[in-house]
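Peer 1: got a sequence here, can you build the structure:
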Amino acid sequence: MIRVVFMGTPRVAIPTLQSIWNDVGTDLVGVITQPDRRAGRGQKIQPPPVKTIAVEHGIPIIQPRRIGDDPAVRQFLEDFRPDVAVTVAFGQLLPPRVFDFPKHGTLNLHASLLPRYRGAAPIVHALLKGDQLTGVSIMRIEQRLDSGPILGIEELSVSSEVTAGEVEETLARLGADLLLRVLRPYVFGQLAPEPQDKALATYAPAIRKADTAVDWTCPAPRIHNLVRAFNPKPGARTTLRGGLVKLWKTRIVREMQPDLLQPPGSATRSGTEGVRVICGDQRMIEFIQVQPENRRRMSASQFANGVRLQEGEVFG
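Peer 2: Take a look at the predicted model:
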């Protein structure tokens, strides 16, 4: 039996946790996850999704606030003596004394085709670029961020309509399956990790609030990609009459619009027909699902009717 400690926090980490738990050749001896935090409108204390599943299975858990500073983490590892650790979206940088502790180190599932898109937000950056191919990589963690040698890669074709949330869910399942295919050969010395080509490395830094703002002078494809890259969070942002409007789903209107004199950001259709907005390349984006400030998500036609959107009004 391969003794495994799992490190992960959000829902996207659950498929891998479940795969390890269900595999007859592995013994999931412990879980390290983030502390319980306040969440939701009521700001009630809630456990991370990984903790919920671990509790259901009776797996020992530790929840360090800062994994690099908590001596209990070292003791946890010493108590359970894992052969290998596996991490998926844990949410904290691991120090060498943690990721090097298991006999065979720590394996990480990264949601890109490494060495492309190293960093915190690989899926978002892939969609922002309009990539038609992405995937998941399993690497052994080393000191430099996402630079470790690779054990396996699984590719995924991406349509121009898919959102970041949908890609994340698919890659979570693909990554869980890939991990089980490489774990045993790696631990038993039948699979050697291959170094990354650092000359091909690109980076996907964490998203800032400013990154989510729509610039209507940009071409329609770029704006559409921004909307799907920030769905389900934090949402692409525009404004109307000084109020925030989040865009959750759009489509590109393929036909060019002749003789348009309105500036980028101008609404050209409204009311029961929904909303179309002119972009910098004189093509239009059609709103499908939007969310006005302090309101629920709604269809574009509901939004247009509710605010009595006028022809030619300009989104910020």
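Peer 1: show me what counts as buried in stretch 23-36.
Peer 2: 23, 26, 28-34 (16 or more other Cβ atoms under 10 Å). Every C-beta, even on glycine, is put in place using the N, C-alpha and C of the backbone.
Peer 1: let's have those in JSON lines, adding secondary structure, pLDDT and distance to Ile62.
Peer 2: Shown next, in JSON lines, are those (DSSP: H, G, I helix; E, B strand; the rest coil; pLDDT from 0 to 100; distance: Cβ to Cβ, whole Å):
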{"residue": "Asp23", "secondary structure": "coil", "pLDDT": "97", "distance to Ile62": "22"}
{"residue": "Thr26", "secondary structure": "strand", "pLDDT": "97", "distance to Ile62": "19"}
{"residue": "Leu28", "secondary structure": "strand", "pLDDT": "98", "distance to Ile62": "14"}
{"residue": "Val29", "secondary structure": "strand", "pLDDT": "98", "distance to Ile62": "12"}
{"residue": "Gly30", "secondary structure": "strand", "pLDDT": "98", "distance to Ile62": "7"}
{"residue": "Val31", "secondary structure": "strand", "pLDDT": "98", "distance to Ile62": "8"}
{"residue": "Ile32", "secondary structure": "strand", "pLDDT": "98", "distance to Ile62": "5"}
{"residue": "Thr33", "secondary structure": "coil", "pLDDT": "98", "distance to Ile62": "8"}
{"residue": "Gln34", "secondary structure": "coil", "pLDDT": "97", "distance to Ile62": "11"}
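Peer 1: just name the closest of the residues you listed to Thr87, please.
Peer 2: Nearest to Thr87 out of the buried residues of stretch 23-36 is Ile32 (Cβ to Cβ; 8.4 Å).
Peer 1: next one: the helix or strand containing Glu168 to chain centre, how far?
Peer 2: Using DSSP states H and E, Glu168 maps to helix 164-187. Here the centre of helix 164-187 is set off from its chain's centre by 14 Å, with Cα atoms, centre = their mean, to the nearest Å.
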